[in-house]
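K.L.:
When you get a sec, could you give me coordinates for this:
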Amino acid sequence: MNNEFTFAIKNTRFDEDYRPAENTRITTNFANLARGLSRQENLRNTFRMIDNRFNSLAQRDNPDQDRYRVTLEIISVEMSIDGKNSSNALPLIEILKANIFDRNTNESIEGIVGNNFSSYVRDYDFSVLLPEHAKQQREFSAPDNFGDLHGKLFKCFVNSDTYKKHFKKPPVICLSVSSTKVYQQTENHHPVLGVEYLQDAYSLTDDYFKKMGMTVRYFMPANSSAPLAFYFFGDLLADYTDLELISTISTMDSFQKIYRPEIYNANSAAGKFFKPSLQHQDYSLTRIVYDREERSRLAVEQGRFAEEHFIKPYQAMLEQWSANHAL
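P.N.:
Now for the predicted structure:
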């Protein structure tokens, strides 16, 4: 069997008319927002938040703070395991690509690809494999080689001709900081990303993304309540323009205010030392409906899907492929 994978990309416009397809990972942030009775109002309010956040950070020649509009595309990545783009390709990951429209110049500007990150194999690792391993341990630890396969698959995709054909720059993923770590403010201040924080130790998620080839830095942009975790290749500060960085901040800061309001919509900002907590009570809710418990339950279901349709059927081939590819 050919042990090299091939990838295919599907682009779906993410706007107020978006409805998740049957095969969409419904634990993704954007799919969760686009379901239920409030779906269209949810989406409309989310995009308004993103645009307002973008314009608040892009102040140059923008006196009315309405110069820019952000549009988003869902990038769905399918992987074929037989070396061909076949009809039985497996869904691998979904990310978002931000695009910026400048009303002053009528120019469309590419933003960053990545932003949100959703993966069937990651659901398997964190929602199936990790809990099962924890039941057998007296104290918390990750299984041997935890995240190795996922990391190699992700790097295989980013290094593929398919990725390079569609995207000019490497991805940047932007997530919430870990509620198990303490973050310390530094003197380093970036004009767009804001003040930088350092963590007391890497989290399991940080280590997981390291196996994907990505470095992490933590920045709290102006008028944010907490730092965001930015995972990237290369040099985050040098490789991307201010507008590109703002596209990611505005998208993911808005998402986190919806998903983790205890941290990102808190009524007071993080100080010199910051330990995030989902038990924090002094925060405000957005008007956007989001079911966090349902999302956690679905992560387990979709982790089981990955186990049944990918991990177990192709275990021998995956082990052989992984052994031949260094992290």
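K.L.:
Tell me how many other residues crowd K210.
P.N.:
16 (other CB atoms under 10 Å). For glycine as for every other residue, the C-beta is placed from the backbone atoms N, C-alpha and C.
K.L.:
quick one: buried residues of the helix or strand harbouring it?
P.N.:
K210 belongs to helix 204-211 when elements are defined using DSSP states H and E. Using 16 or more other CB atoms under 10 Å as the test for burial, helix 204-211 gives 204-206, 208-211.
K.L.:
ditto for stretch 273-281
P.N.:
Applying a neighbour-count criterion of 16+ other CB under 10 Å, the buried positions in stretch 273-281 are 274, 276, 280.
K.L.:
could you dump those residues to a markdown table with distance to L90?
P.N.:
Formatted as a markdown table, the entries for the buried residues of stretch 273-281 read as follows, by distance: CB to CB, whole Å:
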| residue | distance to L90 |
| --- | --- |
| F274 | 39 |
| P276 | 34 |
| H280 | 39 |
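K.L.:
who's in contact with D235?
P.N.:
Contact criterion CB atoms under 8 Å, 6 or more residues apart in numbering gives no residues in contact with D235.
K.L.:
For R44, see how far away it is.
P.N.:
When distances are taken as CB to CB, to the nearest Å, D235 and R44 turn out to be 36 Å apart.
K.L.:
what about stretch 257-274, how long is it end to end?
P.N.:
From the first residue to the last, stretch 257-274 extends over 17 Å; the measure is CA to CA, to the nearest Å.
K.L.:
moving C-terminal of the helix or strand of the chain at the bottom of the mean pLDDT ranking, what's the next helix or strand?
P.N.:
Averaged element by element with mean pLDDT, DSSP states H and E, the chain has its least confident helix or strand at helix 29-33 (a mean of 60). Per DSSP H and E, helix 29-33 leads on to helix 39-57 as the next helix or strand towards the C-terminus.
K.L.:
Packing partners of that next one?
P.N.:
If you count contacts as 3 or more CB pairs under 8 Å, 6 or more residues apart in numbering; DSSP states H and E, helix 39-57 packs onto helix 29-33, strand 68-80, helix 242-259.
K.L.:
Select, out of those, the one closest to N106.
P.N.:
Closest to N106 of the helices and strands packed on helix 39-57 is strand 68-80 (CB to CB; 11.4 Å).
K.L.:
Please tell me how far the closest one is from the chain's geometric centre.
P.N.:
12 Å (CA atoms, centre = their mean, to the nearest Å).
K.L.:
if you average pLDDT over that strand, what comes out?
P.N.:
pLDDT averaged over strand 68-80 equals 93, rounded to a whole number.
K.L.:
Tabulate the buried residues of stretch 273-281 in a markdown table, adding columns for secondary structure, distance to Y259 and pLDDT.
P.N.:
Formatted as a markdown table, the entries for those read as follows, by DSSP: H, G, I helix; E, B strand; the rest coil; distance: CB to CB, whole Å; pLDDT from 0 to 100:
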| residue | secondary structure | distance to Y259 | pLDDT |
| --- | --- | --- | --- |
| F274 | strand | 18 | 96 |
| P276 | coil | 13 | 95 |
| H280 | coil | 14 | 87 |
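K.L.:
and of those, the nearest to K165?
P.N.:
K165 lies nearest to P276 out of these, by CB to CB, at 38.1 Å.
K.L.:
Quick check, that closest one in contact with S179.
P.N.:
Yes: the pair P276 / S179 is scored as a contact, 4.6 Å apart, by CB atoms under 8 Å.
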